[in-house]
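Enquirer: Got a sequence here, can you model it:
(one chain, ligands or ions: 1)
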Amino acid sequence: MGILNVTPDSFSDGGEFLDPERAVEHGRRMVADGADIVDIGGESTRPGSEPVSASEEVDRVLPVIERLSSALDVPVSIDTMKPDVASAAVEAGASIVNDISGGRDPKMFDVVRESGAGLVLMHMRGDPKTMQEEPRYEDVVREVHSYLRDRVLAAMDAGIERDRLCVDPGIGFGKTAEHNLRLLNHCFAFRDLRVPVLFGPSRKAFLGQLLDAEPDDRVEGTTAVVAWLASRGVHLVRVHDVLEATRVVRVIQAIRQAQ
Ligand code: HH2
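Expert: Model prediction:
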C-alpha cells in the first residue's frame, strides 16, 4: 500500500502533493514501482496534529481520487476517520476505507456496508492530538489484539462481511517505541483474527529514535521492518518508499517459496 498524503502538514511528505497534478503523478509512480493499493489521505494524523473539517478533507482528496481511480488498475483507498469523507471518496471511486479509529463513528460501518467497500480497522489509543502523552499498557499485544478482535466482530454485526475486513495494530498511534517494537515482534499473533493484517511502520518516530535519523533518512529502517513483516507472513505494509519495499518483499517471497 503506497502512501499519498494530500496535506500541507504530514510528518514526512507534507506539502509535497497538495497540487492534484503532482499527487496523481506520484500515485502513478507508486503503482509503476509495485504498489497494489494507493492510500490517499487529506488529514495528517501525526502526533499533536489538529483535525481538519470534513469539507476541507473532501476538497483535498476528491480531485485526486477521481483521477487516480479511473487511471489506475489497482484499488484506491481513502485514509479517513469521517463517514462523510469516506462516503464522498467511495462515490468518487475509492474501493477501500482505511479508518485509523477502527470505526469509532458508528456511521462509518453504515457507509462501508452500503457502499460495498473494504475496510481497514486500525488500533489507536486516544486521538492524534494527545495520543503520545504517556501511553501505557499492561500488555500491549494482548490489549491491541483484543480491541481488533472486538472491532472485527462489531463490523460483522453491522453487516460487513469478514472478507471485506483487514486489521492494523496501529504503529505509533498511542504507543511508545518499546510498544511498537513489541507489536512488530509479535506480528504473527494477529493472524488468528482470520482477516489480512496490515502494518504501517513507514519512516515513523520509533525508527528515528533507533537510528537517530530524520523522516527522509529512515528508508533503510523502514525496509528492515518490511523485511521482518514479510518474513513473518504479514499481508500488507503501508509505505512511502514503494520501490524499496516491493523489491524486499519479492526477494522474501522467493525465499519463502523455495522448497
Ligand atoms: N499511519 C498513518 C496514517 N494512516 N493507516 C493505517 N492503516 N496504518 C498506519 O500505520 C497509518 C495509517 C500516519 O502516517 P502518514 O500518513 O505517513 O503521516 P500523517 O498522518 O502525518 O499524514
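Enquirer: Following the one helix or strand Ile40 maps to in sequence, what is the next regular element?
Expert: Taking DSSP states H and E as the definition, Ile40 sits inside strand 38-41. For strand 38-41, the succeeding helix or strand toward the C-terminus, using DSSP H and E, is helix 54-71.
Enquirer: who touches the closest residue to Asp216 other than its chain neighbours in this structure?
Expert: Excluding the flanking residues, the one nearest Asp216 by C-beta to C-beta, 6 or more residues apart in numbering is Ser12, at 7.1 Å. Yep, even glycine has a C-beta here, placed from its N, CA and C like the rest. Contact analysis of Ser12 by C-beta atoms under 8 Å, 6 or more residues apart in numbering lists 5, 202-203, 215-216, 240.
Enquirer: Could you export those to JSON lines, including columns for pLDDT?
Expert: Shown next, in JSON lines, are these (pLDDT from 0 to 100):
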{"residue": "Asn5", "pLDDT": "97"}
{"residue": "Ser202", "pLDDT": "98"}
{"residue": "Arg203", "pLDDT": "97"}
{"residue": "Pro215", "pLDDT": "95"}
{"residue": "Asp216", "pLDDT": "94"}
{"residue": "His240", "pLDDT": "98"}
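Enquirer: near the ligand, which of those show up?
Expert: Checking these against the ligand by C-beta under 6 Å from any ligand atom, the ones in range are 5, 202.
Enquirer: Quick check: strands, which of the contacts of Ser12 are part of them?
Expert: Among these, the subset assigned to strands under DSSP state E consists of Asn5.
Enquirer: and the contacts of Ser12, which are buried?
Expert: 5, 202-203, 215, 240 (16 or more other C-beta atoms under 10 Å).
Enquirer: Distance to Ser49 added to these, as CSV?
Expert: Formatted as CSV, the buried ones among the contacts of Ser12 follow (distance: C-beta to C-beta, whole Å):
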residue, distance to Ser49
Asn5, 11
Ser202, 16
Arg203, 16
Pro215, 14
His240, 17
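Enquirer: ok, the residues you listed vs the ligand, which is closest?
Expert: Relative to the ligand, the closest of the buried ones among the contacts of Ser12 is Asn5; by C-beta to the nearest ligand atom it sits at 4.4 Å.
Enquirer: ok, now which ones touch the closest one?
Expert: 12-14, 16-17, 41, 44.
Enquirer: what separates it from Val31, distance-wise?
Expert: 16 Å (C-beta to C-beta, to the nearest Å).
Enquirer: got it, and Ala154?
Expert: In terms of C-beta to C-beta, Ala154 sits 33 Å off from Val31.
Enquirer: Quick check on those two: which one has the bigger neighbour count.
Expert: Val31 (19 against 15; other C-beta atoms under 10 Å).
Enquirer: Which single residue in this structure comes nearest to the ligand?
Expert: Gly200 (2.1 Å).
Enquirer: Show the residue spans covered by the strands in the stretch 151-259 of the chain.
Expert: Remark: strands assigned in the stretch 151-259 of the chain by DSSP state E, counting those that start in this stretch are 165-168, 198-199, 236-237.
Enquirer: Quick one: the ones you listed as JSON lines, columns for mean pLDDT and mean neighbour count too.
Expert: Output for these, formatted as JSON lines (pLDDT from 0 to 100; neighbours: other C-beta atoms under 10 Å):
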{"stretch": "strand 165-168", "mean pLDDT": "98", "mean neighbour count": "24"}
{"stretch": "strand 198-199", "mean pLDDT": "98", "mean neighbour count": "26"}
{"stretch": "strand 236-237", "mean pLDDT": "98", "mean neighbour count": "20"}
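Enquirer: Get me the contact residues on the stretch 51-200 of the chain for the ligand.
Expert: 79, 98, 100, 120, 122, 168, 170-171, 198, 200.
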